[in-house]
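Asks: build me a model from this:
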Amino acid sequence: MLRVAEQYAGTDTGRQRRANEDSHLARAPLFVVADGMGGAQAGEVASRIAVESFQDGLRDAKAPEAALAELTLRANARIHELSHSHAEQAGMGTTLTAVYVGEHEISIAHVGDSRAYRLRDGALERLTEDHSLVDELLRQGRLTPEEALEHPQRSVITRALGPEGAVEVDTRSYAARDGDVYLLCSDGLTTMLAEDRLAELLLAHATLREAGEALITAANEAGGRDNITVVLLRLEDLDAGTAAPPTQESSTVPGSVPASAAAEAAAGSAPAHPGADGAGADGADAGGGAVEGVAPPVSPPSEPEAQRRTTPVIRRQPRAPSQGERASGRRRRRLRRAVAALVALAVLAVIGAGAYIALQSVYFIGTNDRGLVTVYRGVPYRLPGDIALYSSDYVSGVSASTLTPQRRHTLLDHSLRSEANAAGLVRSLELGQLE
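Replies: All right, here's what the predicted structure looks like:
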């Protein structure tokens, strides 16, 4: 029979957010991560409601998938009702990824783009699929993994708790075994660190507390653009030998969500702050020997010929340039280089000015980091060094998660538009007139 031998839970606001909209629950055998959206007045509320729905555990542990789905749907109903009864929380929503540890397997309920991973035999495997626009484009082959990392609409999720009265919940169970490590996290971790980096950090630390804090630190060092929540659990098989008492470790850094702390307090455990190329060349000596022989007698040359042969040939050596001539030559070379550089700069300036004018005359529709439909000026690309070729021009009050899949594909397809066309579409969307 399996049980949780070690666990860790930590959350961090990140370096670019003022508030933490993530919530988490770490109460064996149930673990939850929720990432709210809609601003601090709404996203934090939505994620907290989602986590609170799981605090009393599963009603029927013999059918964990169904029980997890039931709690998820209950959370969706509460969030949806609240968003319609309070104007300041309109359009709020949250992702949710929950894991229940059974006797021989783990069960997952999942909505949104938070994730669950399994580390087994040194290999990290993702157990959930993101409900996001970018992941849909990846599955359709319309984006490469490299393009997805810098996609301006990578924050758009296509499924969440709250925006609609009904939501589809992904559930699945996996056979588990002794030594498995499971990671639940919000996208503030996975948008900052590649999966091979996640595996590297998990394998580099002996305890889950050390690994969890290393993950959060690395995500912040990579930019910390969003809230970061990490939940880790290690399983052991009680039938494999005598088990030591389970350890619980939690770290709540500034900006953590009260729901997580409440969950841990209810569990009766205080959160513990917690390789050179060498190249050689063999020189080959070439040699030749003259063949000895008897030369035929030669008659002495006539006087004029002898004189010509003995008259020395005088060759004039070129005159070395004077110091003044050398200085003048250096000045001419510097002048030529300066002229060439000025010409190149002038060409680049003309190209840059043309590119700037072109970027200022085109628009596209996307979403901002809060998932709101936004009109951008420029083109949807980033240069090396995280230099964006676009800027926000207008932010609507419409969350992309509230749109139908067909409307999302039509509106957020990165088509370049005129200012009037983009503004008109978003205005019609806000008025509910967009067909």
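
Asks: Provide a list of residues in contact with Ser107.
Replies: Pro64, Glu65, Leu68, Val99, Tyr100, Thr171, Arg172, Ser173 (C-beta atoms under 8 Å, 6 or more residues apart in numbering). Where C-beta positions appear, they are placed from N, C-alpha and C, glycine not excepted.

Asks: can we see that at 7 Å?
Replies: With contacts defined as C-beta atoms under 7 Å, 6 or more residues apart in numbering, Ser107 is in contact with Pro64, Glu65, Leu68, Tyr100, Thr171, Ser173.

Asks: list only those of these flagged as buried.
Replies: Buried by 16 or more other C-beta atoms under 10 Å: Pro64, Glu65, Leu68, Tyr100, Thr171, out of the contacts of Ser107.

Asks: can I get the contacts of Ser107 in a markdown table including pLDDT?
Replies: Formatted as a markdown table, the contacts of Ser107 follow (pLDDT from 0 to 100):
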| residue | pLDDT |
| --- | --- |
| Pro64 | 97 |
| Glu65 | 97 |
| Leu68 | 98 |
| Tyr100 | 98 |
| Thr171 | 98 |
| Ser173 | 98 |
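
Asks: TSV please, covering those residues and showing distance to Gly141 and secondary structure.
Replies: Shown next, in TSV, are the contacts of Ser107 (distance: C-beta to C-beta, whole Å; DSSP: H, G, I helix; E, B strand; the rest coil):
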residue	distance to Gly141	secondary structure
Pro64	34	helix
Glu65	30	helix
Leu68	31	helix
Tyr100	34	strand
Thr171	27	strand
Ser173	29	strand
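
Asks: which one of these is nearest Arg78?
Replies: Leu68 (16.1 Å; C-beta to C-beta).

Asks: what residues of stretch 375-395 count as buried?
Replies: Taking 16+ other C-beta under 10 Å as the criterion, stretch 375-395 shows Val375, Tyr376, Arg377, Gly378, Val379, Pro380, Tyr390, Asp393, Tyr394 as buried.

Asks: pull the residues that contact that stretch.
Replies: Contacts for stretch 375-395 (C-beta under 7 Å, 6+ apart): 150, 152, 359-360, 362-366, 368, 372, 374, 414, 416, 422-423, 426.

Asks: please apply the same query to stretch 179-197.
Replies: So stretch 179-197 is contacted by 14, 22, 31, 33, 35, 97, 99, 106, 113-120, 124, 154, 202, 215, 218-219, 222-235 (C-beta under 7 Å, 6+ apart).

Asks: just checking, which of these belong to strands?
Replies: 22, 31, 33, 35, 97, 99, 106, 115-120, 124, 228-235 (DSSP state E).

Asks: with that, I have no additional questions.
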